[in-house]
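S.K.: Fold the stuff below for me.
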Amino acid sequence: MTNFADAARQSTKRLRELFPRTPLQRNDHLSRRFGAEIYLKREDLSPVRSYKLRGAFTAMRKVRAAQPEQMDFVCASAGNHAQGVAFACKHFGVKGTIFMPVTTPQQKIDKTRAFGGDAVRIVLTGDYFDQTLTASQKFCAEKGAHFLSPFDDEDVIEGQASVAVEMLDQLGQAPDLVILPVGGGGLASGVTRYLRSAAPQTEFRFVEPAGGASLTAALAAQEPVTLKQVNSFVDGAAVARLGDRTFAALSWVRPEEVLLAPEDRICVTMLEMLNLEGMVLEPAGALSIDVLPDLAEQISGKTVVCVTSGGNFDFERLPEVKERAQRYSGVKKYFILRMPQRPGALKEFLSMLGPDDDIARFEYLKKSARNFGSVLIGIETSRSENFKALFSQLEAAAFSYRDITNDEILSEFLI
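M.R.: Below is the predicted model of the structure:
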């Protein structure tokens, strides 16, 4: 019987039918910054700009080998898995029905259709992914099609393990540490299962978005649990429940080996990699790089591989990413100022601004009293320390203000 490592190597060879192995690149900037040998496994450079094609191709290939008559495949996805399945359907000449939420951005729909061409049909249904998933599974049962899970499938896990097979071949040695993003757990399951056999001395760290920590919750409960709420910003890894198969493959992980990445901090990392390295990463694709500062003391002098899992970023989201990055870095703040209704009050406020302070938002909300009015103000500056000087002047002049930058409710309504 073929063991997992042998099967993963065989699947990796079969993937060459589709695309050459993705690059493993030493990153000079990150290596200098952290005093380590830091390599990036560039899954954002696959044909569909994510690793998802590996699992979709492998699972479809094995189903076709066992059931040549099976010509219909179904999946539910709002992103990378849909594109991987579409690409594989076109390659194998089979029919794919891809269910996507009605709220899916048009860019992702268009890319999925471009990869699949006439081989795929896209069905938009449901406002939320759970509704879409239910509809896809019902359709699958009625049509006798094969459902391709995005992560909770042994063949998908085997396909994702090809990332590790390539990594070892390209590096020529076992890395000291591999940092892996986690959503549903398919990538982490495949990579760790292969490397724990082929490179047992290698250590791992796992990264989840703070608003979608399904592995953290599963390890605490010792079984997969469904998160009550998920922040969908990191859409490639914002999964409410870890898979049963993927949890079985990751149940050995210690809670301290799992790190959480705040969504706004991920935006800082995305912009840094775009501006300094010219790398376009989606939020999930930046997870493994984002936690490097948290691991700085542990990785000094070591060989580290970060898996950049995807680069399907819609540039229409860039203003949001920049905004969130500025707020996290402390160089942009919003506050409500109680402005005195007297001549010269506005001029007095403006005189408090420093040479690097720019007004990004200025809006009278309402006159809250006869002699005062509430003003929503957004300020951008060059250094976060500049706000300390501004707020000190406001307090000295008896200008009442409230910083609402991190107030989620007020920000949602006013910003």
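S.K.: quick one, helices of the stretch 101-250 of the chain?
M.R.: Applying DSSP state H, counting those that start in this stretch to the stretch 101-250 of the chain gives helices spanning 106-116, 129-143, 154-160, 162-171, 186-198, 214-221, 244-250.
S.K.: and the third one, what does it pack onto?
M.R.: Spelled out, that is helix 154-160. helix 4-15, helix 52-66, helix 186-198, helix 244-250 (3 or more C-beta pairs under 8 Å, 6 or more residues apart in numbering; DSSP states H and E). All C-beta atoms are positioned from the backbone trio N, CA, C, and that covers glycine.
S.K.: now that helix: how far from the chain's centre is it?
M.R.: 20 Å (C-alpha atoms, centre = their mean, to the nearest Å).
S.K.: now do the first one
M.R.: For helix 106-116, the separation from the chain centroid amounts to 19 Å (computed by C-alpha atoms, centre = their mean).
S.K.: how about residue 273, what does it touch?
M.R.: The contact partners of residue 273, by C-beta atoms under 8 Å, 6 or more residues apart in numbering, come to 279, 281, 286, 289.
S.K.: Report the outermost residue of the chain with respect to its centre.
M.R.: Note on the chain: the largest C-alpha distance from the chain mean falls to residue 343, namely 50.0 Å (C-alpha atoms, centre = their mean).
S.K.: For that residue, give its distance to residue 359.
M.R.: Separation of residue 343 from residue 359 (C-beta to C-beta, to the nearest Å): 20 Å.
S.K.: Quick one: low-confidence residue ranges for the chain.
M.R.: When residues are selected by pLDDT under 70, those of the chain lie in 1-2, 366-370.
S.K.: domains for it, by residue range?
M.R.: 4-50+156-321, 71-144, 331-414 (automatic domain parsing).
S.K.: Columns distance to residue 64 on top of those, output as a markdown table?
M.R.: Output for the domains of the chain, formatted as a markdown table (distance: least, C-beta to C-beta, whole Å):
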| stretch | distance to residue 64 |
| --- | --- |
| domain 4-50+156-321 | 12 |
| domain 71-144 | 6 |
| domain 331-414 | 48 |
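S.K.: So which of those domains is nearest residue 56?
M.R.: Of all the domains of the chain, domain 71-144 sits nearest to residue 56, with 3.8 Å by C-beta to C-beta.
S.K.: For the closest one, measure first residue to last.
M.R.: 10 Å (C-alpha to C-alpha, to the nearest Å).
S.K.: what distance separates it from the middle of the whole chain?
M.R.: That offset, for domain 71-144, works out to 20 Å (C-alpha atoms, centre = their mean).
S.K.: Next: stretch 58-77.
M.R.: On C-alpha atoms, centre = their mean, the centre of stretch 58-77 falls 27 Å from the chain's centre.
S.K.: ok, residues contacting it?
M.R.: By C-beta under 8 Å, 6+ apart, stretch 58-77 touches 11, 14-15, 56, 81-82, 85, 88-89, 92, 94-100, 129, 132-133, 135-137, 139-140, 143-150, 153, 155-156, 158-159, 162.
S.K.: ditto for stretch 191-201
M.R.: 3-5, 8, 157, 160-161, 163-165, 167-168, 174-176, 178, 180, 202, 204, 249-250, 307.
S.K.: residues touching residue 359, list them.
M.R.: So residue 359 contacts 353, 377, 378, 379 (C-beta under 8 Å, 6+ apart).
S.K.: Which of the helices or strands spans the first one?
M.R.: Under the assignment given by DSSP states H and E, residue 353 is not contained in any helix or strand.
S.K.: now the spatially closest residue to residue 116 that is not a sequence neighbour: how far from residue 187?
M.R.: Closest residue to residue 116 apart from its sequence neighbours, by C-beta to C-beta, 6 or more residues apart in numbering: residue 86 at 3.1 Å. Per C-beta to C-beta, residue 86 is found 19 Å from residue 187.
S.K.: And residue 376, by the same measure?
M.R.: Relative to residue 187, and taking C-beta to C-beta, residue 376 is found at 42 Å.
S.K.: Show the buried residues in the contacts of stretch 58-77.
M.R.: Neighbour-count burial (16 or more other C-beta atoms under 10 Å) applied to the contacts of stretch 58-77 gives 11, 15, 56, 81-82, 85, 88-89, 92, 94-100, 129, 132-133, 135-136, 139-140, 145-146, 148-150, 153, 155-156, 158-159, 162.
S.K.: Any idea how far stretch 209-226 is from the middle of the chain?
M.R.: Worked out by C-alpha atoms, centre = their mean, stretch 209-226 lies 16 Å from the chain centre.
S.K.: Go through that stretch and flag the buried ones.
M.R.: Applying 16+ other C-beta under 10 Å to stretch 209-226 flags 209-219, 224-225 as buried.
S.K.: Those into a markdown table, with extra columns for distance to residue 331?
M.R.: Formatted as a markdown table, the buried residues of stretch 209-226 follow (distance: C-beta to C-beta, whole Å):
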| residue | distance to residue 331 |
| --- | --- |
| 209 | 23 |
| 210 | 21 |
| 211 | 23 |
| 212 | 27 |
| 213 | 28 |
| 214 | 32 |
| 215 | 32 |
| 216 | 30 |
| 217 | 33 |
| 218 | 37 |
| 219 | 36 |
| 224 | 40 |
| 225 | 38 |
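S.K.: what two of these are the furthest from one another?
M.R.: 210 and 224 (18.9 Å).
S.K.: Residue 264: which of the contacts of residue 273 is nearest?
M.R.: residue 286 (12.1 Å).
S.K.: doesn't residue 337 fall inside a strand?
M.R.: Yes: counting by DSSP: H, G, I helix; E, B strand; the rest coil, residue 337 is found in a strand.
S.K.: Quickly list what it is bridged to.
M.R.: residue 375, residue 401 (DSSP bridges).
S.K.: tell me the contacts of it?
M.R.: Applying C-beta under 8 Å, 6+ apart, the residues near residue 337 are 349, 374, 375, 377, 394, 399, 400, 401.
S.K.: separation between the residue nearest the centre of the chain and residue 400?
M.R.: With distances taken as C-alpha atoms, centre = their mean, the residue of the chain nearest its centroid is residue 284 (1.5 Å). Relative to residue 400, residue 284 is positioned 42 Å away (C-beta to C-beta).
S.K.: Over to residue 392?
M.R.: 14 Å.
S.K.: hang on, the earlier thing: farthest-apart pair in the contacts of residue 337, please.
M.R.: 374 and 394 (14.4 Å).
S.K.: on that earlier part again, next, check the contacts of residue 359 against the strands and list the overlap.
M.R.: Residues of the contacts of residue 359 located in strands (DSSP state E): 377, 378, 379.
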